[in-house]
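Colleague: quick one: sequence plus predicted model below, questions after.
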Amino acid sequence: MDNSKVYSWTPIFQCNASAAAVLALDARVPNSNTIRMRLASSCAYASPKSMKSSHFAPGPTAMRQRLSIWFARGAQVILPNHCALCGNLSHQAVCSSCDSAAAHTVSRCACCAAALGKTGSPRLCGNCIATRPAFDATLAYADYASPYDALAQALKFSAKLGLARWFAARMATRVKAAEIAPDLILTVPLSAQRLAERGYNQSWEIARPLARHLGVAAHGSLLRRLHHTRPQTDLSDARQRRHNVRGAFVVSACAATRTLNGAHVAVVDDVMTSGATLNEIARLLKRAGAARVTNLVALRTPPPADAAHPRHPPTTSQPASWPYV
């Protein structure tokens, strides 16, 4: 019996088993993009270019890789993906038409990423000048507004994990253009209760592919949330939001001495509202030895018009609450 024939069919059975497992685990996820991505990765995908290279020797291994490629491509037909915005069939989480139509760049505050409304070089908003946050800079891909708000909600509440990779790729482009070079990437951690309810941390899902794009290490356990807190969206007052996250996080002491000392740390989050959570994290990181903290957020909630563009400079008797949510 020819062993090459036996081994050549092994990937198909492995892929079918992986597909069945993924379908069982992700049955609650309407978007098949997540299923297809995991399926392709489980089949040891190899690019067509690698198939033509000189080191790609014929034999059972070559046949297995070819079958893996064919099966991954067939999965795109069997499990079609729909654009998260327009609903049309697409090979990506967001089709190229919606991606190009929604893309835009605005001038933002170099510290809190609040939209300034006018083009030009990055500068500070009046509130960051009056009360400087603990973090040094913030880079946001876009405002938390249509159509991006729907994507963030689908990622956070509907487990559309393919959107995390979509955000990460576009954030990586902005980070490279801004010449931001962090030494390591952290994320805003969830409490054990929230993580059990949701099943994943949307910020970590963005941070992992973003770290790969930037060639930087991502640490998922260096920063921990000590206790469960109320969602910041339930609190409208800035003081309540600051109090809600005060003492909610902790930095691993042993990891801090090895990793954070003198480092430029990037903190990834899906949505930045007022900055209270990120400000608390930056305060802890700098206390642990970090030299610089930069926030990398997918979306930035636009501040109130009077907060982003105050008619009169804030005084010491009336300190600005923004960007401390």
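Modeller: Great, that's in hand.
Colleague: now do the host helix or strand of Y141: which elements does it pack against?
Modeller: Secondary structure from DSSP states H and E places Y141 in strand 137-143. Here strand 137-143 touches helix 162-177, strand 292-300, going by 3 or more Cβ pairs under 8 Å, 6 or more residues apart in numbering; DSSP states H and E. For glycine as for every other residue, the C-beta is placed from the backbone atoms N, C-alpha and C.
Colleague: what angle separates that strand from helix 162-177?
Modeller: Between strand 137-143 and helix 162-177, the angle comes out at 130 degrees (axes from the mean of the first three to the mean of the last three Cα atoms, to 10 degrees).
Colleague: partner strands of strand 137-143, with direction?
Modeller: Strand 137-143 has the following strand partners under DSSP bridges: strand 292-300 (parallel).
Colleague: could you pull up the mean pLDDT of the partner strand?
Modeller: The average of the pLDDT scores along strand 292-300 is 97.
Colleague: CA atoms only for it, dumped as CSV, please.
Modeller: Presented in CSV, the C-alpha positions along strand 292-300 are these (Å, rounded to 0.1, in the frame of the first residue of the first chain):
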residue,chain,number,x,y,z
ARG,A,292,6.0,56.5,28.7
VAL,A,293,2.4,55.3,28.2
THR,A,294,0.6,55.6,24.8
ASN,A,295,-3.0,54.6,24.3
LEU,A,296,-3.9,52.8,21.1
VAL,A,297,-7.7,52.8,20.8
ALA,A,298,-9.9,51.7,17.9
LEU,A,299,-12.5,54.3,18.5
ARG,A,300,-12.8,57.6,20.4
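Colleague: related to what we said a few turns ago, which residues touch the strand holding Y141?
Modeller: 102, 104, 106, 108-113, 115, 148, 167, 170-171, 174-175, 178, 180, 272, 275, 278, 292, 294-302 (Cβ atoms under 8 Å, 6 or more residues apart in numbering).
Colleague: how about 6 Å then?
Modeller: Defining contact as Cβ atoms under 6 Å, 6 or more residues apart in numbering, one finds that strand 137-143 is touched by 110, 112-113, 148, 170-171, 174, 178, 294-300, 302.
Colleague: how about stretch 266-276?
Modeller: Taking Cβ under 6 Å, 6+ apart as the rule, stretch 266-276 contacts 112, 144, 152, 182, 185-188, 202-203, 206-207, 241-242, 245, 281, 294-301, 323-325.
Colleague: swap in stretch 187-202?
Modeller: L155, K156, S203, W204, A207, L223, R224, R225, H228, V268, D269, D270.
Colleague: filter these down to just the ones in strands.
Modeller: In strands, defined here by DSSP state E, the members of the contacts of stretch 187-202 are L223, R224, R225, V268, D269, D270.
Colleague: show me the two of the contacts of stretch 187-202 that sit farthest apart.
Modeller: Using Cβ to Cβ, the two most remote members of the contacts of stretch 187-202 are L155 and R224, lying 22.3 Å apart.
Colleague: so between those two, which is more surrounded?
Modeller: More crowded of L155 and R224, by other Cβ atoms under 10 Å: L155, with 26 against 15.
Colleague: report the contact partners of that one.
Modeller: Shown in contact with L155 (Cβ under 6 Å, 6+ apart): L163, A164, Q202.
Colleague: save those residues as a markdown table, and put in pLDDT, neighbour count and distance to C128 too.
Modeller: Shown next, in a markdown table, are the contacts of L155 (pLDDT from 0 to 100; neighbours: other Cβ atoms under 10 Å; distance: Cβ to Cβ, whole Å):
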| residue | pLDDT | neighbour count | distance to C128 |
| --- | --- | --- | --- |
| L163 | 95 | 28 | 30 |
| A164 | 96 | 27 | 28 |
| Q202 | 96 | 26 | 26 |
